Structures are given as structure tokens and as C-alpha cells.
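Colleague: Fold the following, please.
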Amino acid sequence: MAVSIALLLTVCFLGFYVPGPSLASSSGDFLGCLMTEVPSQVVLTPGSPSFKPLLVSSIRNARFVAPATAMPPLCILTPTNASHVQAAVRCGRAHGVRLRVRSGGHDTEGLSSRSQRPEVFAVVDLAKLNNVHIDPQEATAWVDAGATIGELYYAVSKAAPGLGFPAGVCPTVGVGGHFSGGGQGLMMRKYGLSADNILDASIVDAEGNLLQDKKAMGEDLFWAIRGGGGGSFGIVLSFKVRLVPVPPTVAFFSVTKSMDQGAVEAVTKWQTVAPALPDDLTVRVNVQQREANFQSLYLGNCSAVVATLSDRLPELNLTRRFYKNKSDYVKDALTKDAWEKIFTWPSGAAEGQLVLEPQGGRMGSIAEGDTPFPHRGGVLYNIQYLESWVGGNSSTPSWINTIYDFMEPLVSKNPRAAYANYRDLDIGVNQVVGGVSTYESGKVWGERYFGGNFQRLAMIKRMVDAGDYFRNEQSVPPLLS
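Modeller: Residues are numbered from 1 along each chain as shown. Coordinates of the predicted model:
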């Protein structure tokens, strides 16, 4: 069995997205208001030669470049401190301009840079709010929402050898969106999600107030921002997180098996073996083009590891690609016959893959209501469906929809669960009535992401933003009655 180092950077998209309301006033008034409150150099309008390059620079999925540039934001704000964000919210509320907020730009439906509906909006790009402060003695860190998880990992490794943080495998994912949606990763079986390790936070609320810690924001709002998804409750500026112990040497490996080499048999067995492995060991699977690629992180030594750059950074294929994501949760192991059909599912011109991530371990001992993320006990593993294709056509090919339909009787039910950070507008979007997203329309998709926690999220939304200022196609609506 060939063994090689891999960074496990399978495409994953997150973002931090925060839209706004539909009040009434002119875009010119908004810009005038904003320019009196913040330095002009942090505001870029479409007339600036830097506007379009900045707008598309953080769009990780090529299929959203054209929509974002066809209906661009009124401006892009690149704040360098909290007062700039407060000004944006207050001016936006006063003059009917909503806000879309991005940290890393990995939102799987591109909502951190664009609006699917025609509306006047501005983008708040948090990239300059990317400080990371490590306290090795306390084993904690304050990390700004505009930092990437790669920047967080690097800062921890430099300041506190022997400590780490459980988060995702894509280094360019922004902390703001990743943590807000839960934050799955290769150490979650040992230490839980990123959200399970958030100790405190600061946020600008829907009135433009700066709430500097969890005491100021209250128990409910602090609960909501740890897995309730971005874009609903305010603009989180920073998180205080618990750092976790890691050994001085960890091992990665990547092994690919074809169907002729027993891939179907191996994945069939993997379903029940991987969730029950020691918590220090995670083995996930990418199923693509009739092959299964087993990728592993082990918090310990490996006697035989061979590394090459191509193995470690396979995503450096610079072909411009379009992507579409969906997700599922599996509670009962699929049969070998089911896996035979999945491995031979026709993909046509596109490339489809299933990324299977085991749960179990610490994930099963955390109650569904401890954070908004409900997919805990009884879940064997989660599935990310990822379809990619090349070319100028941004419409989604058929592979992902047909295999998703095939999987319906085999995955979780009532509702069919989904992961908020693998956002999928196909499962439902908000309907806006009287300037407010309706609770009933939000339930269609919200209970799939958050289960029974959706109602509490909607009640908290009513408490902190009854007017639905922070709104997008899949933001939590206020429960008004």
C-alpha cells in the first residue's frame, strides 16, 4: 500500500455572509453617511480600479464571478477596526442598504459576495481584521473573524508549540464563516467542532452596537453564533477559543483504491469502523470516479511516511472550475449493493465526488441543544456531495441532483438533515413579506440544518433583530408570533 503525505485540501467552501434590510433611502445617502464615519481609503466603489479585483479576489467558486459582477455591491468596506463596522451597520439601517459580510469567501452559494435577489447592498470584507493573539499559558487565543484558519494554525504553531485548534482542512477558509456554521475538521472526533471550543466573542449587533463579550451579548445570542450560521444575528468581529494539546509529530496518509482493488468493500467496512476508531485517529474518504481515496490524520507518529508536493497540494490544478455542494447525514450503514451503484453512478462531463467524514467519539457525547449544530448522537458519518466541471457554463450538471435523489431513502429522514456550512439553496430559500423573512419559509431549510434548534434560533433572532436587518436567502428569520 503506497503511503504519502497529503494536506487533505479537498475543495470546501465557507464564507461569512451578512446581508441587511429593505429600508428606504438612497444609495448616495448611504455612501455619504459612510464616508463621514470612516476613512475614505477603506471604502471602494465601482468607479475605483481596485473595486472589481477586490470583489472577485475572495470568490472561491468560479460560477459566482459573473453573477457578482453583473449585480455588484454598492461598495466594498474593508474595515480595520470595530468602529468602521458599527458605522456600516448604522448607515445601512438608516439608508436602506443591506450588508453582505465575508471573511474567506468560501460560502458554497457565494452569498458573502453577491445577492441572488435584486437589492441594494454593500460588502463588508473582514480580511484586514485578521489579528491572532495567543496566550500559551492559558491555552487560549483571540482570533479576528477576518483571519483564515491557515493564519490561525500558523500563529498557534509559532507561539504555542504543542497546542492546536480543531478546524477544517482548507487553509484559506475564513474563521468568521467556519466557526459560525460549526467548523468540522479532522480533529473533531478528538475535540469536537470549532464551535464547541469557542469561549467568548465580540459582535456588532443589528443596531450597530459593539457587544464586546458573551456577558454583553447574553446567553442566547452567544449560543446562536456558535453553529447557527453566519448572516443572521450580527457581525462577529473576534472569537476567544480554547486551544487543544497536540503531539510534536502527527501523521498524514493518503491511499487510493480503485474498484478493482476493493474500493467498494473497503468503503462498506469503513462506514462502521471509522466512527469507532480511537479518538486520536480520523480516516475520511473521498469517493470519486470509481475510486476511494482514504485520507487520515493521526495524532501521533507514523513510521513510514513519504512526502511529495503533488501529494500534499493536489488542489494546485489551476483549471478554472465550477462547483456545486450538497450534504447528508447517515445513521444506518449503507449496503454493499448501494455502494456498488454509487461507485458506478454516471457523471457525464462533470466530476462528482462524495466526501465521507466519520463522527462518533466526542461528537456523540455532546447534546443536540448544546450549540445550534444538532447532528450529534446516532450519526455514523456525514456526506458532502461535490460536483465540479470545466467551462463557461455555470449551470449545474445532472450528477449531483440524480445521486442526491437516489440517496434520499438511505440517509437521515424527517427532516433530511444537512450541514449549514455546505449551504444549498436547492433545499429552500426565505420568502420576504413586509420586509421580513417569514418563519414558515425558513423552516423548510432551517430544520434541515438545525433540527429542533431552529425554533430557538428564530426566537433569538426576534430578540436581537426583529426587523430582519441581517438577512439573506438562508438567514434565520425572526419568529414573530
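
Colleague: now the helices for the stretch 151-300 of the chain?
Modeller: 175-181, 188-191, 214-217, 219-224, 263-273 (DSSP state H, counting those that start in this stretch).

Colleague: Could I have the CA atoms of the fourth one written out in PDB?
Modeller: Read it as helix 219-224. What follows is helix 219-224 as a C-alpha-only set of coordinates in PDB (Å, rounded to 0.1, in the frame of the first residue of the first chain):
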ATOM      1  CA  GLU A 219     -26.500  33.600  26.700                       C
ATOM      2  CA  ASP A 220     -28.900  33.100  23.800                       C
ATOM      3  CA  LEU A 221     -27.000  35.200  21.300                       C
ATOM      4  CA  PHE A 222     -23.700  33.600  22.300                       C
ATOM      5  CA  TRP A 223     -25.300  30.200  21.800                       C
ATOM      6  CA  ALA A 224     -26.700  31.200  18.400                       C
END
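
Colleague: Using the neighbour-count criterion, name the buried positions in it.
Modeller: 221-224 (16 or more other CB atoms under 10 Å). Any C-beta I mention is one placed from the backbone N, CA and C, and that applies to glycine too.

Colleague: Determine the set of other helices and strands touching it.
Modeller: On a contact count with 3 or more CB pairs under 8 Å, 6 or more residues apart in numbering; DSSP states H and E, helix 219-224 meets helix 453-465.

Colleague: How about the third one?
Modeller: Using 3+ CB pairs under 8 Å, 6+ apart as the contact criterion, the neighbours of helix 214-217 among helices and strands are strand 198-204.

Colleague: now do 6 Å
Modeller: Contact here means 3 or more CB pairs under 6 Å, 6 or more residues apart in numbering; DSSP states H and E; on that basis helix 214-217 packs against no helix or strand.

Colleague: One more: the longest one?
Modeller: When contacts are defined as 3+ CB pairs under 6 Å, 6+ apart, helix 263-273 sits against helix 336-343.

Colleague: average pLDDT for the helix it packs on?
Modeller: For helix 336-343, mean pLDDT rounds to 95.

Colleague: So which residues make contact with it?
Modeller: 259, 264, 267-268, 290 (CB atoms under 6 Å, 6 or more residues apart in numbering).

Colleague: Just the buried subset of those, please.
Modeller: 264, 267-268.

Colleague: Reformat these into a markdown table and put distance to Leu34 and pLDDT next to each item.
Modeller: Formatted as a markdown table, the buried ones among the contacts of helix 336-343 follow (distance: CB to CB, whole Å; pLDDT from 0 to 100):
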| residue | distance to Leu34 | pLDDT |
| --- | --- | --- |
| Val264 | 57 | 88 |
| Val267 | 53 | 86 |
| Thr268 | 57 | 89 |
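
Colleague: for these, which one is nearest Thr371?
Modeller: Taking CB to CB as the measure, Thr371 lies nearest Val267 of the buried ones among the contacts of helix 336-343, at 29.8 Å.

Colleague: pretty sure the closest one is touching Glu291, no?
Modeller: No - between Val267 and Glu291 there is no contact under CB atoms under 6 Å: 10.4 Å.

Colleague: Just after the helix or strand of the chain at the bottom of the mean pLDDT ranking, pick out the following helix or strand.
Modeller: When the helices and strands of the chain are scored by mean pLDDT, DSSP states H and E, helix 309-312 comes last with a mean of 32. Counting by DSSP states H and E, the next helix or strand C-terminal to helix 309-312 is strand 321-330.
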